[in-house]
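S.K.: Here is a sequence with its predicted model. Questions after.
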Amino acid sequence: MEKSRYLQRLEEIMAELEQRKEILDRFRDRRPGYIEGYTDALSDMDFKIRVIKTLVEKIETGEPGHEA
């Protein structure tokens, strides 16, 4: 099954975030307060994007969710 454009874009965004985290890890010791806060924010965004990706996959496959 071909991935939707939404899933493809989410994967691109996740890859970009991972690259930014790797770059920031190199400078962590130089500016610890700023870099750690920024890295934490990127990690939080990464988590939220993974949740969105899971939800999009479930919607596209027709997997039933939890009823309120």
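M.R.: Done, it's in.

S.K.: Check which helices and strands the helix or strand containing residue 34 is in contact with.
M.R.: Residue 34 is part of helix 32-61 when elements are defined by DSSP states H and E. When contacts are defined as 3 or more Cβ pairs under 8 Å, 6 or more residues apart in numbering; DSSP states H and E, helix 32-61 packs onto helix 5-26. Every residue, glycine included, has its C-beta placed from N, CA and C.

S.K.: who are the neighbours in contact with the residue nearest the centre of the chain?
M.R.: For the chain, residue 46 is the residue whose C-alpha lies nearest the centre (Cα atoms, centre = their mean; 2.6 Å). Applying Cβ atoms under 8 Å, 6 or more residues apart in numbering to residue 46 gives the contacts 14, 17-18, 21.

S.K.: what inclination does the helix holding residue 34 have with respect to helix 5-26?
M.R.: Using axes from the mean of the first three to the mean of the last three Cα atoms, to 10 degrees, one finds that helix 32-61 and helix 5-26 are set 160 degrees apart in direction.
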